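Q: here's my sequence, what's the structure:
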Amino acid sequence: MKKITKKKWFLIVISIVLVFWGFCNLLTYIVDPFFQYRAKDNQYMINAMYCAPGLIKTYEYDTIIIGSSMTQNFDMELFRSKLKCSPLHIGVGGMSDEDIAEYVLLANKVGKADTY
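A: Below is the predicted model of the structure:
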């Protein structure tokens, strides 16, 4: 049986780790549970509070509606048809004032929304 040198063993291990790391990155990009790379339409796989920052960064909108459980039942189709806008709805039950302020600051930083 052929002996493997330390250098060759090290290169094999590093190659396996890099391939595994690349596979994990590709899987994260494809699944994208936090919407950090692209926005999917109404496909929340996890709690909306975890998805909100990614949606604010990647979704195409000109109006943003942020609120707690009072806004969860808003009909976005009415906003689209009556106000002729592209709204992003961030409505999470139990959202605190600090959470709302954080999302508004993030939306201001991203700069896509004209109306809040």
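Q: show me where this protein has its strands.
A: Using DSSP state E, the strands of the chain run over residues 63-67, 87-91.
Q: hey, which helix is longest across the protein?
A: Taking DSSP state H as the criterion, the chain has its longest helix at helix 6-31.
Q: of all the residues in that one, which ones are buried?
A: Residues of helix 6-31 include none that count as buried (16 or more other Cβ atoms under 10 Å). Heads up, the C-betas are built off the backbone N, CA and C, glycines and all.
Q: what residue ranges in the protein score low on pLDDT?
A: For the chain, applying pLDDT under 70 flags the ranges 41-45.
Q: out of the strands of the chain, which is closest to residue 113?
A: In terms of Cβ to Cβ, the element of the strands of the chain nearest to residue 113 is strand 63-67, at 4.2 Å.
Q: which residues touch stretch 101-116?
A: Outside stretch 101-116, the residues that touch it by Cβ atoms under 8 Å, 6 or more residues apart in numbering are 52-53, 56-57, 60-66, 85, 88, 90.
Q: grab the nearest non-local neighbour of residue 95.
A: Take residue 95 and drop its neighbours on the chain: the residue closest to it by Cβ to Cβ, 6 or more residues apart in numbering is residue 68, 4.2 Å away.
Q: and the two most separated of the contacts of stretch 101-116?
A: Maximum pairwise distance in those, criterion Cβ to Cβ, is 21.4 Å, between 53 and 85.
Q: just checking, residue 89 touches residue 76?
A: Yes - judged on Cβ atoms under 8 Å, residue 89 makes contact with residue 76 at a distance of 5.5 Å.
Q: the more surrounded of the two?
A: Per other Cβ atoms under 10 Å, whichever of residue 89 and residue 76 has more neighbours is residue 89, with 21 against 16.
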